[in-house]
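A.B. asks: What would the 3D arrangement of this be:
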Amino acid sequence: MSDNQKAPASGPRVLFVSPNRIGDSVIASGVVREINRQWPGARITVAAGGPPAPFFRAAPGVERIIVVNKGKWASHWFRLWGEVVKQPWDVVIDTRGSAVGWLIRAGTRRIYNRGWETGVPKVEVVSRLMGAPHALEPELYIDDRARAEAAAVIDPQLADGAGPGPILALAPIAHQKGKSWPAERWAALVEKLKAEPRFDGWRFMLIGGPGDHPPATPALAAAGERGIDFVGKGDILASAAAISRSALFVGNDSGLMHVAAAAGTPTLGLFGPTEWWLYGPRGPKTRTVASNETRGQFAPIEDLTVAAVFAATVGLHDAFIGQPSDASA
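C.D. replies: Numbers count the residues shown, from 1 in each chain. Below you'll find the model as predicted:
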């Protein structure tokens, strides 16, 4: 945290138990701003899983981050309780609905209740938890360190090969079963986009975590000299910085999809047997394409064709970059 972000020593102490997954953490990221609105000068401690923890290092009012990685027999909750029980808290906000929020001293408690999940987007459920007067839209706090880490990976690759054209970020990653569009179709999509005049001169950046090379490799190979490899090249905040440099983003229903939307990058999310109307990317520059476009019905993501994703990607381009005629195509 920079000096100008440090909260006054007299501010209320707030414990914010963030969601464990990257996507859910992005969805709940508006909680930080709302804490600062409701409790000015708050000194915020965030308890977060290891992968999303970097989201909060530059967030306003955050003075400490406790990394809570899952352990056997829910041992992570005992570890967290041991970290926070000795400190009296003015406010505890627990978006995971754990027992920890009830077992420590607190003046005000806001504990998530899964019974509130009644068919509305999770952003709105989190906003209800906070008693906010409006939906708490996701917000990222991308710092200079993350931007520098992203630049150190991207800039040398832009200088090589096909030149520094606009970037289309692709995230063929989803760790939940049934959410991943087949890797070979990502490769076929890249081949079709390379042949599309709208994407002349564009670079194709594959992005993901350290274990995501297998699903990204076919598309990266298809991109050839126009490819940029950002798979396993940085933490989630560096990945967010990389995505923020992209003109467009296309990805599976995953944490990176939510990151892209929160970063303000025009985002297309690919959906199979999950509720795109509830869990789609949030924001004015977002779209979805699903294997079954009828709300309340589902189909395997394998039913989503390359032609459908290609058409949706072209539509994203035309909506937020411009029609071909705008570029004298």
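A.B. asks: alpha carbons only for contacts and neighbour counts from here, please
C.D. replies: OK.
A.B. asks: All the helices of the stretch 101-250 of the chain, residue numbers only.
C.D. replies: Counting by DSSP state H, counting those that start in this stretch, the stretch 101-250 of the chain has helices at residues 122-130, 144-159, 183-194, 213-223, 236-244.
A.B. asks: Quick one: low-confidence residue ranges for the protein.
C.D. replies: Across the chain, the ranges flagged by pLDDT under 70 are 1-9, 161, 325-329.
A.B. asks: Name the residue closest to the centre of it, please.
C.D. replies: By Cα atoms, centre = their mean, the chain has its centre lying nearest to V259, at 2.5 Å.
A.B. asks: So that one, which state does it fall into?
C.D. replies: helix (DSSP: H, G, I helix; E, B strand; the rest coil).
A.B. asks: what's the distance between the closest residue to D160 other than its chain neighbours and G208?
C.D. replies: Excluding the flanking residues, the one nearest D160 by Cα to Cα, 6 or more residues apart in numbering is E225, at 8.0 Å. Counting by Cα to Cα, to the nearest Å, the gap from E225 to G208 is 19 Å.
A.B. asks: ditto for L170
C.D. replies: 9 Å.
A.B. asks: Now do the strand or helix carrying V314 and helix 183-194, the angle between them.
C.D. replies: V314 is located in helix 306-320, with elements delineated by DSSP states H and E. Here helix 306-320 runs at an angle of 50 degrees relative to helix 183-194 (axes from the mean of the first three to the mean of the last three Cα atoms, to 10 degrees).
A.B. asks: So which bits of helix 306-320 are buried?
C.D. replies: V306, V309, F310, A312, T313, V314, G315, L316, H317 (16 or more other Cα atoms under 10 Å).
A.B. asks: Packing partners of it?
C.D. replies: helix 183-194, strand 248-252, strand 267-271, strand 286-290 (3 or more Cα pairs under 8 Å, 6 or more residues apart in numbering; DSSP states H and E).
A.B. asks: tell me the most buried of these?
C.D. replies: strand 267-271 (a mean of 29; mean count of other Cα atoms under 10 Å).
A.B. asks: re earlier: hmm, who's touching the helix holding V314?
C.D. replies: Under the criterion Cα atoms under 8 Å, 6 or more residues apart in numbering, residues 185-186, 188-189, 192-193, 198, 248, 250, 266-268, 270, 285, 287, 289, 323-324 lie in contact with helix 306-320.
A.B. asks: centre of the chain versus it, how much separation?
C.D. replies: Its chain's average C-alpha position is 21 Å from that of helix 306-320, according to Cα atoms, centre = their mean, to the nearest Å.
A.B. asks: can you give me the offset of stretch 191-207 from its chain's centre?
C.D. replies: The answer for stretch 191-207 is 23 Å, by Cα atoms, centre = their mean.
A.B. asks: Please export the C-alpha coordinates of it as CSV.
C.D. replies: Output of stretch 191-207 as CSV, limited to C-alpha atoms (Å, rounded to 0.1, in the frame of the first residue of the first chain):
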residue,chain,number,x,y,z
GLU,A,191,-7.4,-19.5,-37.5
LYS,A,192,-10.7,-18.0,-38.6
LEU,A,193,-9.9,-14.7,-36.9
LYS,A,194,-6.5,-14.5,-38.6
ALA,A,195,-8.3,-14.8,-41.9
GLU,A,196,-10.9,-12.1,-41.1
PRO,A,197,-10.0,-8.7,-42.4
ARG,A,198,-11.3,-7.0,-39.3
PHE,A,199,-8.4,-8.6,-37.4
ASP,A,200,-5.6,-7.8,-39.8
GLY,A,201,-2.5,-6.9,-37.8
TRP,A,202,-4.1,-8.0,-34.5
ARG,A,203,-2.2,-10.0,-31.9
PHE,A,204,-3.7,-13.0,-30.1
MET,A,205,-2.7,-13.2,-26.4
LEU,A,206,-3.3,-16.4,-24.5
ILE,A,207,-3.7,-15.8,-20.8
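A.B. asks: Could you check that stretch and say which residues are buried?
C.D. replies: Those would be L193, K194, R198, F199, W202, R203, F204, M205, L206, I207, for stretch 191-207 by 16+ other Cα under 10 Å.
A.B. asks: As JSON lines, the residues you listed with distance to D235 would be great.
C.D. replies: Converted to JSON lines, the buried residues of stretch 191-207 look like this (distance: Cα to Cα, whole Å):
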{"residue": "L193", "distance to D235": "28"}
{"residue": "K194", "distance to D235": "29"}
{"residue": "R198", "distance to D235": "31"}
{"residue": "F199", "distance to D235": "28"}
{"residue": "W202", "distance to D235": "25"}
{"residue": "R203", "distance to D235": "22"}
{"residue": "F204", "distance to D235": "20"}
{"residue": "M205", "distance to D235": "16"}
{"residue": "L206", "distance to D235": "15"}
{"residue": "I207", "distance to D235": "11"}
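A.B. asks: Farthest pair within those residues?
C.D. replies: R198 and I207 (21.8 Å; Cα to Cα).
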